[in-house]
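**Q** Got a predicted structure here, sequence first:
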Amino acid sequence: MIVTLTLNPSLDRTIDVDRLVQGTMTRARSARIDPGGKGVNVSRALLANRAPTVAVVTSGGADGEQLVRLLEGDGIAVHAVPVAGRTRSNVTIVEPDGVVTKVNEPGEPLSRDELDAVADAVLAEAEGASWVVACGSLPPGVPSDIYARLCEFFASAGVRVAVDASGPALPAAVGAGPHLVKPNRDELAEAVGRPVASVGDAVEAACELRERGAGAVLASLGADGAVLVDEDGVTAGTAPVAEPRSTVGAGDALLAGFLAAGARGAPALAEGLAWGAAAVRLPASRMPRPGDIRRDIVRIDTRPDLGRSLIA
Ligand SMILES: Nc1ncnc2c1ncn2[C@@H]1O[C@H](COP(=O)(O)OP(=O)(O)OP(=O)(O)O)[C@@H](O)[C@H]1O
Ligand SMILES: O=P(O)(O)OC[C@@]1(O)O[C@H](CO)[C@@H](O)[C@@H]1O
């Protein structure tokens, strides 16, 4: 069982337009709503591939109720913690040439009591779980060491913790010794304080995060695939997609595939890459099902060319 935690979930509204012109009124061609937030997406991807999971989310107002209804409608086990603040909406505007504009709301603050209720929910669900996966931005005012505290708590309880965080929450979590972190290229660069312009830079930065406390680092590099630095060493891989439709949630699919495949070494990286590429071929933040996943396109390199540039 994999428990995901999304402190700042969302209704993801995806709007298709012919052309987006700033400062004008644009009529949409179509619109859809998906349950959103990084941990939510990890659970959606796991469930779509028959891996047991439960999603712990905060839920506020009518939009929070809709989020829970959408998840339950998809058959996802949800542990919703009611909160006073409204669940946010994140908007993705998609143009026919594939250009994507995304606007994420900050979310609303959580009170001390609400945070305690979330901690109780995770604790209850984590009983017997293999992983707790804490993902996504923190609502305003939530302390940036919240994921670090989660890591410290579960280290003593024998449950593995994976963190997908940005900003100061990532270095804070790394220092608390999570089993896995999943930064993207920008998050990795911010965490080490220098640019990540090549696969070699990504490997060096990931090694640094391991030295600072992370057990393993799965760094996602967009179209350039991903790098894994874990106790087995350094592995890189790619899974090319000729015509990407939407990269929203691709990192979450990558992480879900990696965890579902055992979270270690080249085989798990390959599975993650196959799920990530499948997500990119699907519209909006649709998570891949078994029939969407192509493992034949994955290329794994256990001796990565560290000089390969990530910037075309
Ligand atoms: N254009 C692309 N072509 C092929 N694969 C891609 C592309 N973009 C992303 N991927 C796959 O998806 C994974 C995650 O992408 P990325 O690094 O953009 O994650 P992310 O920024 O965490 O995404 P998100 O936050 O939207 O989930 C990559 O490691 C890769 O496997
Ligand atoms: O604002 P955050 O928490 O960083 O990211 C939230 C989000 O962009 O991440 C998911 C894709 O990974 C979307 O479902 C959601 O809208």
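**A** Noted; the coordinates are in hand. Keep in mind the model is a prediction, meaning the values are calculated, not measured. Ligands and ions are numbered 1, 2, ... in the order given.
**Q** only C-alpha atoms for contact and neighbour calcs from this point on.
**A** Fine.
**Q** helix/strand/coil for Ala219?
**A** Following DSSP: H, G, I helix; E, B strand; the rest coil, the label given to Ala219 is strand.
**Q** Going forward, the N-terminal residue is numbered 36.
**A** With 36 as the first residue, the last one maps to Ala254.
**Q** For my notes, confirm Val157 occurs in a helix.
**A** Yes: residue state for Val157 (three-state DSSP) corresponds to a helix.
**Q** For it, which non-adjacent residue is closest in space?
**A** Of all residues not flanking Val157 in the chain, Val91 sits nearest, at 6.6 Å (CA to CA, 6 or more residues apart in numbering).
**Q** now the host helix or strand of that neighbour: how far from the chain's centre is it?
**A** Under the criterion of DSSP states H and E, Val91 resides in strand 88-94. On the basis of CA atoms, centre = their mean, to the nearest Å, strand 88-94 is displaced by 14 Å from the centre of the chain it belongs to.
**Q** buried ones in it?
**A** By neighbour count on 16 or more other CA atoms under 10 Å, the buried set for strand 88-94 is Thr88, Val89, Ala90, Val91, Val92, Thr93, Ser94.
**Q** Okay, now the sheet partners of it, with direction.
**A** In the sheet, strand 88-94 lines up against strand 37-41 (parallel), strand 112-117 (parallel) (DSSP bridges).
**Q** which of those sits most buried?
**A** strand 37-41 (a mean of 27; mean count of other CA atoms under 10 Å).
**Q** near ligand 2 at all, it?
**A** No: using CA under 6 Å from any ligand atom, we find that strand 37-41 stays clear of ligand 2, coming within 8.0 Å at best.
**Q** can you give me how far the very next helix or strand once past that strand is from the chain middle?
**A** Once strand 37-41 ends, the next helix or strand along the chain (criterion: DSSP H and E) is strand 45-51. Here strand 45-51 is found 17 Å from its chain centre; the criterion is CA atoms, centre = their mean.
**Q** So what does the spatially most central residue of the chain have for phi and psi?
**A** The residue lying closest to the centre of the chain (CA atoms, centre = their mean) is Asp287, at 3.5 Å. Main-chain torsions, Asp287, degrees, to the nearest 10: phi -70, psi -40.
**Q** from memory it sits against Asn76, does it?
**A** Yes: using CA atoms under 8 Å, Asp287 is in contact with Asn76, at 5.9 Å.
**Q** how about the residue of the stretch 236-347 of the chain at minimum distance from ligand 2, phi and psi?
**A** At 3.7 Å from ligand 2, Gly284 is the closest residue in the stretch 236-347 of the chain, using CA to the nearest ligand atom. Backbone dihedrals for Gly284, given as degrees, to the nearest 10, come out at phi 90, psi 0.
**Q** low-scoring pLDDT stretches of the stretch 186-335 of the chain, where are they?
**A** Of all residues in the stretch 186-335 of the chain, none has pLDDT under 70.
**Q** Report the inter-axis angle for the helix or strand hosting Gln101 versus strand 112-117.
**A** For Gln101, the host element (DSSP H and E) is helix 96-108. If you take axes from the mean of the first three to the mean of the last three CA atoms, to 10 degrees, helix 96-108 sits at 170 degrees to strand 112-117.
**Q** Locate Val196 within the secondary structure: which element?
**A** With DSSP H and E as the test, Val196 turns up in strand 195-199.
**Q** helices and strands around that strand, which ones?
**A** Judged by 3 or more CA pairs under 8 Å, 6 or more residues apart in numbering; DSSP states H and E, strand 195-199 is in contact with strand 166-170, helix 181-192, helix 204-210, strand 215-216.
**Q** just the CA coordinates of whatever helix or strand Ala314 lives in, formatted as PDB?
**A** In this assignment (DSSP H and E), Ala314 forms part of helix 300-315. Extracted C-alpha coordinates of helix 300-315, given in PDB (Å, rounded to 0.1, in the frame of the first residue of the first chain):
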ATOM      1  CA  GLY A 300      17.900   0.600  -9.600                       C
ATOM      2  CA  ALA A 301      17.500   0.500 -13.400                       C
ATOM      3  CA  PRO A 302      14.400  -1.600 -13.700                       C
ATOM      4  CA  ALA A 303      12.400   0.800 -11.500                       C
ATOM      5  CA  LEU A 304      13.800   3.800 -13.400                       C
ATOM      6  CA  ALA A 305      12.800   2.200 -16.700                       C
ATOM      7  CA  GLU A 306       9.200   1.600 -15.500                       C
ATOM      8  CA  GLY A 307       9.000   5.200 -14.200                       C
ATOM      9  CA  LEU A 308      10.200   6.500 -17.600                       C
ATOM     10  CA  ALA A 309       7.600   4.400 -19.400                       C
ATOM     11  CA  TRP A 310       4.800   5.800 -17.200                       C
ATOM     12  CA  GLY A 311       6.100   9.400 -17.500                       C
ATOM     13  CA  ALA A 312       6.300   9.100 -21.300                       C
ATOM     14  CA  ALA A 313       2.800   7.600 -21.400                       C
ATOM     15  CA  ALA A 314       1.400  10.500 -19.400                       C
ATOM     16  CA  VAL A 315       3.000  13.000 -21.800                       C
END
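**Q** Since that was my last question, I'll sign off now.
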